[in-house]
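Peer 1: My questions are about this predicted structure, shown below with the sequence.
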Amino acid sequence: MTLTQPLTRRVIDSIPIAVFVALFLYIGLNSANFLTLATWELILKQAVPVVVVAVGLATVIVAGGDDVVSGGIDLSIPATATVCAAIIADQLTNHDTAVAVALILALGAAAVVGAVNATLVVRVGMTPLLATLATSVAVVGVTKVITESRRIGVSDATILFVRDGRIVGVPVSIVMMALIALAFWHLVHRTKWGMHLQATGGSRDAAEISGIATRRLVALSFMLAAFAGWLASVFVLARGSGSSPGTEETLLLEMVLATFLGAAFSPRRVVTVWGAVLGAVLVSALTVGFISIGINVFWTGCIKGALILLVVASAAAGRSQ
């Protein structure tokens with residue numbers, strides 16, 4: 001039994017990767033343009049908001065542990081991105097506010113969301129899954145109040161530059177995405193603070209015995225996640241040329257799938273920042289690929305939901321071996 005456990009776990013861990021490989025092979029065989037440079041530039045541009053929210057979620061999971069129920073999770077990041085996008089769009093379009101002021105107002109809203117999550121989890125003791133789900137519902141309600149459930153278009157030059165601008169031939173949004181991902185990776189995986197964060201997520205009791213302020217680290221992880229939501233709001237606005245109702249639903253689905261899929265590529269099968277980035281790009285590629293071969297967008301959502309179940313179930317089964 002002991003000899004077969006490692007092999008069984010490797011097989012279980014490889015299931016999500018095998019399924020994605022099969023899907024990409026199918027898309028590649030049925031889409032002549034899927035492997036072109038133009039298509040992959042589009043994929044990377046579409047992946048930008050997902051990458052940013054996914055690295056925020058990865059930070060929370062690293063701090064709280066990767067158990068979906070009792071570990072670290074923040075389902076409010078997409079809602080934070082959406083409400084920040086709504087605030088920025090409303091200020092720019094309806095109130096003629098300077099873009100810097102609009103961004104600061106949105107940052108303040110994101111800070112409130114992060115502080116509420118941190119308080120509910122660290123002070124009140126709520127399970128992160130339930131706390132952030134409740135926060136997400138509340139924030140979506142605020143977004144509807146701000147936008148009156150209507151799309152707000154944006155024509156600000158800064159937002160358009162993020163959407164269409166290039167730096168040395170590379171789209172601005174992709175450059176910014178790379179810098180944000182690099183910054184989060186360095187903070188979480190290459191600093192003393194990040195090592196303490198990983199120790200907290202690995203074993204809260206052991207970290208506390210070592211003198212690490214675990215409660216503060218968990219609280220800060222939620223603040224960083226909210227900050228990632230604020231950063232993502234700029235790309236949400238740029239990608240959609242404005243704030244659109246319901247954006248958070250798709251973003252939530254893709255964020256969860258990307259983050260936990262990324263763990264399948266980790267040698268230790270744990271959530272990492274770079275794994276989340278890779279997962280987000282793969283999820284974006286899957287979306288673009290499905291569109292290129294004419295699969296209905298509603299089926300795409302069903303497939304992504306099934307993939308989330310597969311990835312999470314594989315991770316749970318692997319841990320039980």
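Peer 2: Received, thanks.
Peer 1: Disregarding residues adjacent in the polypeptide, which is nearest to the residue nearest the centre of the chain?
Peer 2: Residue closest to the average C-alpha location in the chain (Cα atoms, centre = their mean): residue 54, at 2.1 Å. Once flanking residues are discounted, residue 54 sits nearest to residue 276: 4.0 Å by Cβ to Cβ, 6 or more residues apart in numbering. Placement of C-beta: from N, CA and C, glycine included.
Peer 1: packing partners for whichever strand or helix holds that neighbour?
Peer 2: Using DSSP states H and E, residue 276 falls within helix 273-292. Under the contact definition 3 or more Cβ pairs under 8 Å, 6 or more residues apart in numbering; DSSP states H and E, helix 273-292 sits against helix 4-30, helix 37-64, helix 172-189, helix 247-263, helix 297-320.
Peer 1: Include mean pLDDT and distance to residue 210 when you put the ones you listed into JSON lines, please.
Peer 2: Putting the helices and strands packed on helix 273-292 into JSON lines (pLDDT from 0 to 100; distance: least, Cβ to Cβ, whole Å) gives the following:
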{"stretch": "helix 4-30", "mean pLDDT": "78", "distance to residue 210": "29"}
{"stretch": "helix 37-64", "mean pLDDT": "95", "distance to residue 210": "15"}
{"stretch": "helix 172-189", "mean pLDDT": "96", "distance to residue 210": "18"}
{"stretch": "helix 247-263", "mean pLDDT": "90", "distance to residue 210": "25"}
{"stretch": "helix 297-320", "mean pLDDT": "76", "distance to residue 210": "24"}
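Peer 1: The closest residue in space to residue 64 that isn't next to it in sequence: neighbour count?
Peer 2: Distance criterion Cβ to Cβ, 6+ apart; nearest residue to residue 64, sequence neighbours excluded, is residue 72 at 2.1 Å. By the criterion of other Cβ atoms under 10 Å, residue 72 has 28 neighbours.
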